[in-house]
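S.K.: Below are the sequence and a predicted model; questions follow.
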Amino acid sequence: MAVNMKGKDLISIAELSLEEIYEIFDVAKTLKEKLYMGEEHQLLKGKTLGMIFSKPSTRTRISFETGIYQLGGHGMYFNQNDLQLGRSENIHDTAKVLSRYLNGIMIRTFSHQDVVDLAKYATIPVINGLTDLLHPCQVLTDLFTILEKKRKLKGLKLAYIGDGNNVANSLLNGCSKVGIDISIASPKGFEPKKEIVEHAIETAKYMGSKVEIVNDPVEAVKNADVVYTDVWASMGQEKEAEERKKVFQKFQVNLELVKHAKDDYLFMHCLPAHRGEEVVDEVIDSPNSIVFDEAENRLHVQKAIMALVM
Ligand code: CP
Ligand code: NVA
């Protein structure tokens with residue numbers, strides 16, 4: 001079985017094969033069981049992970065830092081502004097230097113191209129911890145969580161309601177790869193990136209699944225197994241928040257909307273949530289909601305990613 005991913009970057013789910021995705025899930029499941037059983041799993045003893053952040057984070061930072069520690073390695077947090085990178089040392093030189101000290105880099109930043117460039121010049125694996133374009137570790141975790149709960153992926157329907165942002169883009173990449181039908185409802189002008197939609201449509205053909213982009217939340221949620229949403233204004237869009245609240249009003253995930261999903265639908269959200277905006281308490285706190293299992297699984301899935309690529 002084992003697929004060799006050593007040295008590989010994790011920048012986009014679109015660059016992973018189906019076998020690699022399932023390898024990550026297998027390792028994540030094993031590592032989760034070992035952690036629960038209190039069994040030793042120090043697969044990265046003595047290894048170091050540099051974590052560069054130019055946006056805030058709760059889950060990503062803490063799950064990566066805890067994860068590398070549990071694997072026997074050491075994680076170092078850097079605010080981009082603490083590095084010379086924030087004072088104009090270029091990405092090329094930064095990548096070369098960090099590659100001489102570290103065994104892996106996790107980066108969360110604005111520009112997706114910066115992450116691509118970092119990976120190009122680094123000789124160690126680079127893991128994308130979110131860019132304006134994509135959030136692959138989140139969506140790999142989401143798929144793993146759906147698999148845990150529903151025991152399958154192919155043939156399910158996921159409805160994403162809201163902004164066509166980094167999470168929506170990665171859901172398109174991820175769902176089309178594993179054969180989940182994905183239906184995205186966004187307001188006009190806030191749909192996911194065109195190239196990613198087109199790529200997802202092509203990818204979905206291999207699995208015989210569907211990709212649908214609509215402007216009506218009810219249409220998207222119809223018969224869904226999973227209802228997913230995210231904030232209306234992402235990090236870096238704070239100035240647009242008030243304007244967006246008006247545009248997205250009809251895209252709130254509330255009790256009225258989820259009536260159209262299957263009775264045993266799962267509610268998911270990458271978190272942080274803006275309760276009362278994209279989702280109401282009655283949904284996020286309902287028995288259908290798995291948001292905290294989803295958050296926990298970031299730890300197990302990212303440990304698997306690190307163990308495989310580092
Ligand atoms: N979901 C997620 O990436 O959360 P953080 O921004 O807290 O890392
Ligand atoms: N779309 C959100 C995700 C946060 C984890 C953002 O980019 O802010």
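M.R.: Done, it's in. Ligands and ions are numbered 1, 2, ... in the order given.

S.K.: Distance-wise, check the closest residue to ligand 1 within the stretch 101-250 of the chain relative to K246.
M.R.: The minimum distance from the stretch 101-250 of the chain to ligand 1, using CB to the nearest ligand atom, falls at Q138 (5.3 Å). (C-beta placed from N, C-alpha, C; glycine too.) According to CB to CB, to the nearest Å, Q138 and K246 sit 27 Å apart.

S.K.: Which one of those two is surrounded by more residues?
M.R.: Legend: neighbour count by other CB atoms under 10 Å for Q138 and K246, higher for Q138 (27 against 9).

S.K.: Assign a three-state SS to that one, would you?
M.R.: helix (DSSP: H, G, I helix; E, B strand; the rest coil).

S.K.: ok, back up a step: who's in contact with the nearest residue to the residue of the stretch 101-250 of the chain closest to ligand 1 once chain neighbours are set aside?
M.R.: Among residues not flanking Q138 along the chain, C270 sits closest, at 4.9 Å (CB to CB, 6 or more residues apart in numbering). Applying CB atoms under 8 Å, 6 or more residues apart in numbering to C270 gives the contacts H135, Q138, D142, V167, D230, E294.

S.K.: same deal with Q42?
M.R.: Q70, L71, G72.

S.K.: again, only using 6 Å
M.R.: By CB atoms under 6 Å, 6 or more residues apart in numbering, the contact list for Q42 reads G72.

S.K.: try P217
M.R.: Applying CB under 6 Å, 6+ apart, the residues near P217 are I161, A185, F251, L257.

S.K.: ok, the first one touching A185?
M.R.: Yes: between I161 and A185 there is a contact under CB atoms under 6 Å: 5.2 Å.

S.K.: Which one's more surrounded, those two?
M.R.: More crowded of I161 and A185, by other CB under 10 Å: I161, with 27 against 24.

S.K.: so that one bridges to which residues?
M.R.: Beta-bridge pairing for I161 (DSSP bridges): A185, T229.

S.K.: confidence score at it?
M.R.: pLDDT, I161: 98.

S.K.: so how far is N165 from H92?
M.R.: Where N165 is concerned, H92 sits at a distance of 29 Å (CB to CB).

S.K.: Name the residue in the two with the higher neighbour count.
M.R.: With neighbours defined as other CB under 10 Å, H92 and N165 compare such that N165 has more, 26 against 13.

S.K.: and the gap between the more buried one and F190?
M.R.: Counting by CB to CB - N165 and F190 are separated by 8 Å.

S.K.: Helix or strand for L49, just tell me which one.
M.R.: Using DSSP states H and E, L49 sits in strand 48-53.

S.K.: Direction included, what does that strand pair up with?
M.R.: Checking strand 48-53 against DSSP bridges gives partners strand 74-79 (parallel), strand 104-108 (parallel).

S.K.: The next helix or strand after the shortest one packs against which elements?
M.R.: Just to be clear, that refers to strand 104-108. Heading C-terminal from strand 104-108, the first helix or strand you meet, by DSSP H and E, is helix 112-121. Contacts defined by 3 or more CB pairs under 6 Å, 6 or more residues apart in numbering; DSSP states H and E place helix 112-121 against helix 91-101, strand 126-128.
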